[in-house]
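# Sequence and predicted model, in that order:
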Amino acid sequence: MGTAARRFDPWVITVGSISLAAWSILALAGSDLALPAYCSAAVWAVPLSALVDLALASTSPARMAFDWSLMVVAMMWPLAIAPLRYVRSRSFARRRPRATLLFLAGYTSAWMVAGVALQVLALVARWAVPTPLAALGVAVAIAALWQVSPAKQWCLNRCHRRPSLAAFGAAADRGAFDFGLTNGMACVGACWALMLLSLVPGQAHLVAMAGVALFVFAERLENPAPLAWRWRGIGKALRLITAQARIRFAANFR
């Protein structure tokens, strides 16, 4: 009963609502983060620096930063609910709103910095690979290779770390922000290749975002594991869904 109640705490609903609002804005207003559809023949004919200038001319840095922040809130804030629950459980009631905001500030900062690097990588991929389909294939290959690597598991394991947090004063504030920053950095390490993949498909950008968001959320349900080369998927999420379906099926035909 207690566990079920915690899942629907008002702050969880608030975070979820903000994430849904970001999805709505991206769906209705569109996003300028997808790779621009430059002529394939012309892309190789210009230097990379000229292509960067062209990209900045077509989309302002402020608009790119705004769209990326929407992507982070939409796709990554749901992953912050579990560590946020830990932060709030280690904070006095009067400090919980501040601790929540400080954690999210640190977490989002890590992803905003990563956004610059990922945008550059996406543009380089579009410049180096002659066709959008080939660029998508390269992004899929990178994501698949990172998905099976021990480095990916190392980052996932760090996503599950829960440090000790101070209860009072500036140390408590700094601890909440630092935990958000380090957890965000671990999340960047675990998810960067999949986020890069969501930037490549052009017109299917929003669909790719939704698929990646569902995958990383389900992936995060897995427990920490030894470092090894192996496929990391959504087995636990599928087992939970199957178990719930069996329970409901049995209840309906009892």
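In hand now; what should we look at?
# where's the closest residue in space to M209 that isn't next to it in sequence relative to R88, distance?
Ranked by C-beta to C-beta, 6 or more residues apart in numbering and with sequence neighbours excluded, the top spatial neighbour of M209 is S198, at 4.8 Å. Any C-beta I mention is one placed from the backbone N, CA and C, and that applies to glycine too. S198 is 29 Å from R88, where distance means C-beta to C-beta, to the nearest Å.
# neighbour count winner among the two?
Shown here are S198 and R88; by other C-beta atoms under 10 Å, S198 has more neighbours (26 against 20).
# and that one, what helix or strand is that in?
Assigning secondary structure by DSSP states H and E places S198 in helix 169-199.
# Can you name every helix or strand that that helix contacts?
Other elements packing on helix 169-199 under the criterion 3 or more C-beta pairs under 8 Å, 6 or more residues apart in numbering; DSSP states H and E are helix 61-75, helix 81-89, helix 96-128, helix 132-147, helix 150-159, helix 205-219.
# what's the angle from the shortest one to helix 150-159?
For helix 81-89 against helix 150-159, the angle between stretch directions is 30 degrees (axes from the mean of the first three to the mean of the last three C-alpha atoms, to 10 degrees).
# Now tell me what touches helix 81-89 from outside.
6, 11-12, 15-16, 96, 99-100, 103-104, 107, 159, 162, 165, 176, 179-180, 183, 220 (C-beta atoms under 8 Å, 6 or more residues apart in numbering).
# switch to 10 Å and redo it
With C-beta atoms under 10 Å, 6 or more residues apart in numbering as the test, helix 81-89 has contacts from 6-7, 9, 11-12, 15-16, 19, 77, 80, 95-97, 99-100, 102-104, 107, 159-163, 165, 172, 175-176, 179-180, 182-184, 186-187, 217, 220-221.
# List the buried residues in that helix.
81, 83-84, 86-88 (16 or more other C-beta atoms under 10 Å).
# Restrict stretch 135-154 to CA atoms and write it as CSV.
Taking Å, rounded to 0.1, in the frame of the first residue of the first chain, the C-alpha atoms of stretch 135-154 are listed here in CSV:
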residue,chain,number,x,y,z
ALA,A,135,23.5,8.3,-41.8
LEU,A,136,20.7,6.5,-40.0
GLY,A,137,22.5,3.2,-40.5
VAL,A,138,25.7,4.5,-39.0
ALA,A,139,23.8,5.9,-36.0
VAL,A,140,22.1,2.5,-35.5
ALA,A,141,25.5,0.7,-35.7
ILE,A,142,27.0,3.1,-33.1
ALA,A,143,24.0,2.7,-30.8
ALA,A,144,24.1,-1.1,-31.1
LEU,A,145,27.8,-1.2,-30.4
TRP,A,146,27.5,1.0,-27.3
GLN,A,147,24.5,-1.1,-26.2
VAL,A,148,26.5,-4.3,-25.8
SER,A,149,29.7,-2.7,-24.4
PRO,A,150,30.9,-3.0,-20.8
ALA,A,151,31.2,0.8,-20.7
LYS,A,152,27.4,1.1,-21.2
GLN,A,153,26.9,-1.2,-18.2
TRP,A,154,29.3,0.8,-16.1
